[in-house]
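Asker: starting from these lines, generate the structure:
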Amino acid sequence: MQARMDTQQQRLDSLEGLLDVMAVGNPTLQRALAERRAALGMSQPDPKQERLRLNPQPTT
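Answerer: Numbers count the residues shown, from 1 in each chain. All right, here's what the predicted structure looks like:
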């Protein structure tokens with residue numbers, strides 16, 4: 001059950017990242033996402049953390 005919830009959370013995170021990418025350069029979509037996050041009690045993602053999450057640095 002926990003593995004399934006983890007998988008679902010990963011999918012939601014991925015979808016949220018996709019929406020953030022789609023919103024780049026689109027103030028209307030950025031505003032809509034910000035309003036939706038506020039209504040759900042979510043915080044705004046830190047752009048630097050998002051880049052690291054989406055593009056992890058390889059470990060050597």
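
Asker: lowest average confidence, helix or strand, in this protein?
Answerer: In the chain, no helix or strand scores lower on mean pLDDT, DSSP states H and E than helix 47-54, which sits at a mean of 62.

Asker: low-confidence stretches in the protein?
Answerer: 45, 47-60 (pLDDT under 70).

Asker: can I get the lengthiest helix in it in PDB, CA atoms only?
Answerer: Taking DSSP state H as the criterion, the chain has its longest helix at helix 2-23. Extracted in PDB, the C-alpha atoms of helix 2-23 (Å, rounded to 0.1, in the frame of the first residue of the first chain):
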ATOM      1  CA  GLN A   2       2.800   2.400   0.900                       C
ATOM      2  CA  ALA A   3       4.600   1.700  -2.400                       C
ATOM      3  CA  ARG A   4       1.400   2.500  -4.300                       C
ATOM      4  CA  MET A   5       1.100   5.800  -2.400                       C
ATOM      5  CA  ASP A   6       4.700   6.700  -3.200                       C
ATOM      6  CA  THR A   7       4.200   6.000  -6.900                       C
ATOM      7  CA  GLN A   8       1.100   8.200  -6.900                       C
ATOM      8  CA  GLN A   9       3.000  11.000  -5.100                       C
ATOM      9  CA  GLN A  10       5.800  10.700  -7.700                       C
ATOM     10  CA  ARG A  11       3.200  11.000 -10.500                       C
ATOM     11  CA  LEU A  12       1.600  14.100  -8.900                       C
ATOM     12  CA  ASP A  13       5.000  15.700  -8.400                       C
ATOM     13  CA  SER A  14       5.800  15.000 -12.100                       C
ATOM     14  CA  LEU A  15       2.500  16.500 -13.200                       C
ATOM     15  CA  GLU A  16       3.100  19.500 -11.000                       C
ATOM     16  CA  GLY A  17       6.500  20.000 -12.600                       C
ATOM     17  CA  LEU A  18       5.000  19.700 -16.100                       C
ATOM     18  CA  LEU A  19       2.500  22.400 -15.200                       C
ATOM     19  CA  ASP A  20       5.300  24.700 -13.900                       C
ATOM     20  CA  VAL A  21       7.200  24.200 -17.200                       C
ATOM     21  CA  MET A  22       4.000  25.000 -19.200                       C
ATOM     22  CA  ALA A  23       3.500  28.100 -17.200                       C
END
